[in-house]
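Trainee: Need a 3D model of the sequence below.
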Amino acid sequence: MELKSVETHKPDVSWGLKIKRKTKIVSPCLGMLRPTVGLCCHQCTPESLRNKLEQNSLGGFRNILKINEKHTRYRGWLVRRLCCVLFVSNCKVFPSPITNRAERVYQSNRVKEALAAEPQAERAGDATRLSNFLPLINTCISSGLVRFAGWCLLKMLSSAFGSVQVNLNHLLALHKASQEGSPLVYVHVRQSALDCTLVALALFCHSLKVPYTICPLRIDNRLLRMILRRLGVVLLLDGDQTEQELESDPLSSAVVTSLVRELLHEGQAVSVSVSAEPGEGGPWLSRIRQFIKDGAVPDVSLVPVGISYDFVPPADPQIGVGSLLKCLLSLLWTRSWGSVRIDLAQPFSLKEMCDSGRCSVDDLLPLQDLLLPVILNNRSESANGGRRMPWLLPFHYAPRREPHPQDDLSIAIILHLIHSTTSCKAVMSTGVVSSLLLHRHHKGVKLSVLCREVSWLTEELLFRNKDVGFGGTLPRVVHYALSLLGPHLLIAAAPSRTDPLILPRASAAAAHQLSVQAQTVTHAFIMEAVAACAVSAMLSDVAGSGVSNRGDTDEGKGDHEFDVVLCQTELTNRALQLCHLLPPGFMPPCQSSHSFALDAVDSLVRCGILIMEEVPRDAPICDVWKRDGTLSWTTSDDPYNSDSDCEEVVSRSYKITKPSQCPDLLFFLCSLLSEYLRSLCWTTSALENLPCPLTETDFKTQIHAQLCDMARKKKAHYESCSEEAVHTALRTLIDLGVVVETRDTGGVLLSLNPLFRSSQNRQKLHRFFSQYLCNYKI
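Mentor: Numbering: from 1, shown residues only. The predicted structure is shown next:
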């Protein structure tokens, strides 16, 4: 089924496009064979995949903002004007009575142990302290208020978004799973304050149980907090409290943990947002896993939810009455956020993932053990294993808690959910255009060329089983994307020319917004991007050996051409080393890093960038005869007997070519990771000028200021100096041991490792990062 164009009105195509209006944006496979996204992992949860496959017969999409009389049981003139009210009244709501939930929470062992561990002076007011948590514990779902809020949201969102499309592919599986008894836990990646609202609204419109939403936002208005708690919103934070501070308070942590346990024990659905930031959302998945291990909850069904925006609304971590009114006015009077696509993935059993042992966590190593020997000792091979990311569970914010070996499994589950949620997100038209402008035509492109490349890139996305959230004719889709991205673009059109020039604005805000929209494309091409950067690293060695000169890493492509042969072993090692540097969510955690690196190299062969080099031999490789013409036999009881005794280990070699459809494809793939790699290079250069030690906040602030100065001096690469890029780069340097964390009563202090106070070692580190930045013309 072809997804209809998101435009609700005919766009003004006044740019004189030399493209036929009937030209479709993509190949016929978009209309007939849409990619199926959101399936269970075949390695970690094969039983869930097998049991739910037959339940995916319902397909297509539904715009939940488009309510008409067909969605009601009635017909007529009056019904057409009250159809939204009738639809909301017919939606099924599952109220949840509170009963004696507070008593059960107070009597839980966690709360009792937290109270017993407090000082004697504070224990005198146990009853008073517990009574402060009573509004939180009494969070419930009111049927009437849910219906009224659903009607209000449908009206307001229809003024802000062109459509909210829900993928119906796994809807039958969700209905079936909700009736089987295991509570559903919906998991989505944090993007905006509207994420939780859209998930709850989509479930309400399809008569699924409205979940209790674990909300990470700080809401300072008492009336608003009371209303949200009647809608099932579990407001964790109060005042200026953060999630890390919640973790550090044993009593608060024990109460909210016991509350979530009681909700799952009652069979309620729960919605959780996760992030790659330390402690943001991940600890809740760890708690749910612990409930299953302890037997408090038999099992839960995890449901990754992908939310794709044409234009991501700004996030506000603290919501008050003033900001809420401002947001409502923006919703009512502006229509600048495009459309939304929601993909509810296939539910899978968390108990199966934990108990089966298929989610392997045995080969995890600290990043400094994986890469420091390579960086400082010039080794060609890195240690086998995956990168351990203990900061996803903030042990240091809970000083009474010691790391447990089972925490590696919790971290693997968190990484798996981040990857699954990101993988089932659709690529929107703004994402395709942003990726092309940011990573392929940052100096500008003609509109006709941009249209052709939008069609090409969409074909490549569909070929990689990545669904797109748009459809229609080529001029409509490109015009729609450019109109949404208009504030961040410059469109220059001379009166004598009918083909305008489009280029991104040279500002930090524009680069950041284009980077956010282009992330889905980067995730789709991550294998090819890793291998392309590995090719760039090997070419940098060739240039350094005197075959060719290398220019400035950040100043564009050189004019040299290479006719070199790349060894498969060396290419795989370079790809493997880059895999260790990737932020969370890019690599599937159930796949080993070495296997991912091998697949990455193979992906460049499929793209046509690499071709296998033929090596002349005296005898064919497939010849099973020995050189003397006879086979050498071994005894049947030989412990080293193998069917491959007559085979020789063959090291393959590759040559670089230009694909006919896109000769500059290698540059485009390398540029997808250049934002992250460049921020690593710049952060490494900025370490020299920092006074240490500094608090974590001051350290980030000074690094961010220096990176912004570098971008302003170069008048380019503003996307590499955003706060998110600085945080990700700093986290990598901490894991590498370049920056050392010291914890005391005042917080976390960061300082430079004495090993990297030497300029020689910092140059080695900078050289290791910069080798992956492409600077060649093949």
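
Trainee: And the residue nearest the centre of this structure?
Mentor: residue 422 (4.2 Å; C-alpha atoms, centre = their mean).

Trainee: Which residues are in contact with it?
Mentor: Listed by C-beta atoms under 8 Å, 6 or more residues apart in numbering, the contact partners of residue 422 are 189, 306, 520, 523, 585. In this view, the C-beta of every residue, glycine as well, is placed from N, C-alpha and C.

Trainee: any idea which element it lies in?
Mentor: helix 407-423 (DSSP states H and E).

Trainee: In stretch 528-546, which residues are buried?
Mentor: 528-540, 542-543 (16 or more other C-beta atoms under 10 Å).

Trainee: Output the contacting helices and strands for the strand or helix carrying residue 539.
Mentor: With secondary structure defined by DSSP H and E, residue 539 is part of helix 526-544. Contacts defined by 3 or more C-beta pairs under 8 Å, 6 or more residues apart in numbering; DSSP states H and E place helix 526-544 against helix 568-581, helix 593-607, helix 665-672.

Trainee: Please work out which of those is packed deepest.
Mentor: Highest mean neighbour count of the helices and strands packed on helix 526-544: helix 665-672, a mean of 24 (counted as mean count of other C-beta atoms under 10 Å).

Trainee: as a whole number, average confidence for that one?
Mentor: In this model, helix 665-672 carries a mean pLDDT of 92.

Trainee: how much does that helix deviate in direction from helix 526-544?
Mentor: Angle, helix 665-672 to helix 526-544, by axes from the mean of the first three to the mean of the last three C-alpha atoms, to 10 degrees: 100 degrees.

Trainee: mind checking pLDDT for the residue nearest to the centre of the chain?
Mentor: On pLDDT, residue 422 comes in at 93.

Trainee: That one and residue 345: what is the separation?
Mentor: 11 Å (C-beta to C-beta, to the nearest Å).

Trainee: and for those two, which residues touch both?
Mentor: residue 306.

Trainee: and the helix or strand containing residue 676, what does it pack onto?
Mentor: Using DSSP H and E, residue 676 falls within helix 674-686. Under the contact definition 3+ C-beta pairs under 8 Å, 6+ apart, helix 674-686 sits against helix 696-714, helix 723-736, helix 759-770.

Trainee: Buried residues of that helix, list them for me.
Mentor: 674-686.

Trainee: With just CA atoms, put the helix or strand harbouring residue 158 into CSV.
Mentor: Per DSSP H and E: residue 158 is located in helix 143-160. Extracted in CSV, the C-alpha atoms of helix 143-160 (Å, rounded to 0.1, in the frame of the first residue of the first chain):
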residue,chain,number,x,y,z
SER,A,143,-11.8,7.1,32.0
GLY,A,144,-13.7,10.4,31.6
LEU,A,145,-10.5,12.5,31.9
VAL,A,146,-8.7,10.2,29.4
ARG,A,147,-11.5,10.6,26.8
PHE,A,148,-11.6,14.4,27.3
ALA,A,149,-7.8,14.7,27.0
GLY,A,150,-7.9,12.5,23.9
TRP,A,151,-10.4,14.8,22.2
CYS,A,152,-8.4,17.9,23.1
LEU,A,153,-5.2,16.3,21.8
LEU,A,154,-6.8,15.3,18.5
LYS,A,155,-8.0,18.9,18.0
MET,A,156,-4.7,20.6,19.0
LEU,A,157,-2.4,18.2,17.2
SER,A,158,-4.4,18.5,14.0
SER,A,159,-3.6,22.2,14.1
ALA,A,160,0.1,21.5,14.5
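
Trainee: Going forward, count from 658.
Mentor: Taking 658 as the first residue, the last one we looked at is helix 800-817.

Trainee: Tell me which helix or strand comes right after it.
Mentor: That would be, after helix 800-817 and using DSSP H and E, strand 821-824.

Trainee: what is the mean pLDDT for that following strand?
Mentor: Mean pLDDT, strand 821-824: 93.

Trainee: Repeat that for stretch 1165-1179.
Mentor: 93.

Trainee: Name the residues that touch it?
Mentor: Contacting residues not belonging to stretch 1165-1179 are listed as 965, 968-969, 1079, 1082-1085, 1087-1089, 1091-1092, 1094-1096, 1114, 1118, 1123, 1142, 1144-1146, 1161, 1186, 1329-1330, 1332, 1365, 1368, 1374-1376, 1378-1379 [C-beta under 8 Å, 6+ apart].

Trainee: What of stretch 1138-1149?
Mentor: 668, 967-968, 993, 995, 1085-1087, 1089-1091, 1094, 1101, 1111, 1157-1162, 1164, 1166-1167, 1170-1171, 1174.

Trainee: one more time with 6 Å, if that's ok
Mentor: Outside stretch 1138-1149, the residues that touch it by C-beta atoms under 6 Å, 6 or more residues apart in numbering are 967-968, 995, 1086-1087, 1090, 1157-1162, 1167, 1170.

Trainee: do stretch 1031-1044 as well
Mentor: For stretch 1031-1044, contacts defined as C-beta under 6 Å, 6+ apart pick out 1020-1022, 1024, 1027, 1030, 1230, 1233-1234, 1237, 1250, 1421-1422, 1425.
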